[in-house]
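Undergrad: Model the structure of this input:
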Amino acid sequence: MRVEILGQERRRRWVDEQKLDIVMSVGVSGATVTEVAHRHDVTRQQIYTWRSELKKKGLLSRSANAVFVPVDMNAVQTERGGDRQDPSGLIELRLTCGRSLCFDSGVNAATLTRLIRAVEAA
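TA: Numbering: from 1, shown residues only. Here you go, the predicted structure:
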């Protein structure tokens with residue numbers, strides 16, 4: 001019996017850098033796992049599997065998918081001197097890696113998400 005395969009082969013090879021780019025694009029500008037999977041023609045489960053593999057390899061921070069952080073605005077304090085006229089808009093976020101980020105309350109959420117992921121991954 002002879003079998004002929006018609007069409008494009010579906011099995012693709014992805015290097016870790018490609019997987020990391022795809023996994024890290026989830027959440028950027030509000031992109032969901034479903035949207036990212038559709039954009040790259042993979043399944044949602046594949047993205048979750050890659051996320052797990054990359055964490056095990058140490059290429060992805062364990063908290064890289066953390067996007068929402070509870071903030072008590074009444075407890076926000078600045079450690080900077082009086083060089084700022086309105087310190088109430090300054091937020092300091094202490095990350096799990098022992099680092100902290102100080103940013104204005106008007107910062108873009110997508111930008112802040114990318115910044116937190118970059119600092120946590122370093």
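
Undergrad: Just to check, Gly89 is in contact with Phe103?
TA: No - Gly89 is not in contact with Phe103 according to Cβ atoms under 8 Å; the separation is 9.5 Å. Every C-beta, even on glycine, is put in place using the N, C-alpha and C of the backbone.

Undergrad: got the residue ranges for the strands in the chain?
TA: 90-94, 100-104 (DSSP state E).

Undergrad: Can you lay out those strands as JSON lines showing mean pLDDT, mean neighbour count and distance to Gln18?
TA: Formatted as JSON lines, those follow (pLDDT from 0 to 100; neighbours: other Cβ atoms under 10 Å; distance: least, Cβ to Cβ, whole Å):
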{"stretch": "strand 90-94", "mean pLDDT": "80", "mean neighbour count": "15", "distance to Gln18": "30"}
{"stretch": "strand 100-104", "mean pLDDT": "81", "mean neighbour count": "12", "distance to Gln18": "28"}
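
Undergrad: could those strands go into a markdown table alongside distance to Glu120?
TA: Formatted as a markdown table, the strands of the chain follow (distance: least, Cβ to Cβ, whole Å):
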| stretch | distance to Glu120 |
| --- | --- |
| strand 90-94 | 11 |
| strand 100-104 | 10 |
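
Undergrad: Contact partners for the nearest residue to Arg114 once chain neighbours are set aside?
TA: Of all residues not flanking Arg114 in the chain, Val28 sits nearest, at 6.5 Å (Cβ to Cβ, 6 or more residues apart in numbering). Taking Cβ atoms under 8 Å, 6 or more residues apart in numbering as the criterion, Val28 is in contact with Ala110, Thr113, Arg114.

Undergrad: mind checking which of the strands of the chain is nearest Lys19?
TA: strand 100-104 (26.4 Å; Cβ to Cβ).

Undergrad: Would you mark the buried spots in the helix or strand of the chain with the lowest mean pLDDT?
TA: Lowest by mean pLDDT, DSSP states H and E among the helices and strands of the chain is helix 109-121, with a mean of 77. Buried residues in helix 109-121, counted by 16 or more other Cβ atoms under 10 Å: Leu112, Thr113, Ile116, Arg117, Glu120, Ala121.
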